[in-house]
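Chemist: my questions are about this predicted structure, shown below with the sequence.
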Amino acid sequence: PGTTEDINEGGKTNDTTPLIVGSAKVGAEVTLEVNGQTYGPVTADGSGLWQIQIPDTDALPEGEVKFKATAKDAAGNDVDVEFTIEIDTTANAVPVINDADDNVGEVQAKLNHGDHTDDNTPQINGTGTAGETIRIYKDGSFIAEVTVQPDNSWTYTPTDALPEGEHVYTASSVDDVGNESAQTPPFSITVDRTSPDDITGFMGYDDVGLVQSEINDGDTIDDATPTFSGEVNGAEVAMGSTVTVIIRDANDNVVQTIEGVVLVAGANPGDPATWSTDPSPALGNGSYKVSAKVVDKAGNESNETDPLEFDIDTA
């Protein structure tokens, strides 16, 4: 069902009511026996062709089916021909969508169902039965077919960039005669390429020794683990954003990166979120430039703050 193609002797089909076509002497009367039923007779036409349609009420069973066609000419001579086909209406197992690959931006990792990504052409990864065809559906519509590799893996990468928003994928398997399995459970990813809001109120604080105060550009402090803090739009908390602090030396070489600094929601709706962190391990004596940025769960980054420049001298 669904496509029309010839079935040769010993071939397979998922059509339980095939159209049987043959040739005989012009004008011969042809009958067909199969599965305990006899059809015909029909008359071979001027080209010697005849055909008999198996009716829906006599759908053929799964497995090997033997046909016998008998042609009788005007003189009463009979000619019998037998042939066999296999009826296969059973689809293979439902394939699996395992995960997707994010290969863009600062955050590059495997994506699970429900994750956010800044990669608008993420590779979808799955498994199935080697050699079978996988049909890919997005948001309920068929979009592509791929073939399962010998190691039972398959992949699909969008040819066109996905727009921002949620995209739901499912997949089915199709065997060599066209039987299609049920579709997989939905696998959704949300494409997000919008940068988070910038940090405001970025500052450093020396909280060691006799003199403890906010750090200004050009200061020399005796605190090897000064505290850095700031504020961010409170909406970033719900979006799963975090802060990354970058510590560079006087030559702009990165000496330490503090990732995943958690945002703390404000007490009231609309209040900014706050964050703070200290270097670990402690910084040695020398000159430093420290800045910070927001990174959302899709890997989008805000602008870095202006660097706070200071010296550490614990001698």
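Modeler: Perfect, thanks for sending it. Please read all numbers here as calculations on a predicted model, not as lab measurements.

Chemist: wait, S173 touches A130, no?
Modeler: No. Taking contacts as CB atoms under 8 Å, S173 lies outside contact range of A130: 11.1 Å. For glycine as for every other residue, the C-beta is placed from the backbone atoms N, C-alpha and C.

Chemist: anything in contact with each of these two?
Modeler: Here S173 and A130 share the contacting residues V148, scored by CB atoms under 8 Å, 6 or more residues apart in numbering.

Chemist: out of the two, which sits in the busier spot?
Modeler: Taking other CB atoms under 10 Å, S173 and A130 do not tie; S173 has more neighbours (25 against 13).

Chemist: what's the helix or strand for that one?
Modeler: Per DSSP states H and E: S173 is located in strand 165-174.

Chemist: for the residue positioned nearest the centre of the chain, what are its contacts?
Modeler: Note on the chain: the residue nearest the mean C-alpha position is I124, at 3.1 Å, using CA atoms, centre = their mean. Neighbouring residues of I124 by CB under 8 Å, 6+ apart: 97, 100, 136, 155-157, 169, 187.

Chemist: likewise for P122?
Modeler: P122 neighbours (CB under 8 Å, 6+ apart): 100-103, 111, 157-158, 162, 189, 191.

Chemist: check what pLDDT it gets.
Modeler: On the pLDDT scale, P122 is placed at 96.

Chemist: quick one: the strands in the stretch 1-150 of the chain?
Modeler: For the stretch 1-150 of the chain, applying DSSP state E, counting those that start in this stretch gives strands covering 12-13, 19-23, 29-34, 37-43, 49-53, 63-72, 78-87, 96-101, 110-111, 115-117, 123-127, 133-138, 141-147.

Chemist: likewise for the stretch 201-315 of the chain?
Modeler: Using DSSP E, counting those that start in this stretch, strands in the stretch 201-315 of the chain cover 213-215, 219-221, 227-232, 242-249, 254-262, 273-277, 286-295, 308-312.

Chemist: quick one: closest of the ones you listed to E29.
Modeler: Proximity to E29 (CB to CB) singles out strand 286-295 among the strands of the stretch 201-315 of the chain, at 80.9 Å.

Chemist: other residues contacting that closest one?
Modeler: Against strand 286-295 from outside (CB under 8 Å, 6+ apart): 106-107, 196-199, 202, 204, 228, 230, 232, 236, 241-250, 252, 255, 259, 301-312.

Chemist: so how far is it from its chain's centroid?
Modeler: Here strand 286-295 is found 36 Å from its chain centre; the criterion is CA atoms, centre = their mean, to the nearest Å.

Chemist: ditto for stretch 165-176
Modeler: Distance, stretch centre to chain centre, for stretch 165-176: 8 Å (CA atoms, centre = their mean).

Chemist: would you indicate which residues of it are buried?
Modeler: Across stretch 165-176, burial judged by 16 or more other CB atoms under 10 Å covers 167, 169-175.

Chemist: stretch 199-210 now?
Modeler: Using 16+ other CB under 10 Å as the burial criterion, the residues of stretch 199-210 that qualify are 199, 202-206.

Chemist: with only the CA atoms kept, save that stretch in CSV.
Modeler: Below are the C-alpha coordinates for stretch 199-210, written out as CSV (Å, rounded to 0.1, in the frame of the first residue of the first chain):
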residue,chain,number,x,y,z
ILE,A,199,26.0,42.8,34.3
THR,A,200,25.5,46.0,36.2
GLY,A,201,27.2,47.2,39.4
PHE,A,202,30.3,45.0,38.9
MET,A,203,32.7,45.5,41.7
GLY,A,204,35.5,43.9,43.7
TYR,A,205,35.9,44.0,47.5
ASP,A,206,39.0,43.6,49.7
ASP,A,207,37.8,42.0,52.9
VAL,A,208,41.2,41.1,54.4
GLY,A,209,43.4,43.0,56.8
LEU,A,210,43.0,46.4,58.5
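
Chemist: show me where this protein dips below the pLDDT cut-off.
Modeler: Applying pLDDT under 70 to the chain flags residues 1-3.
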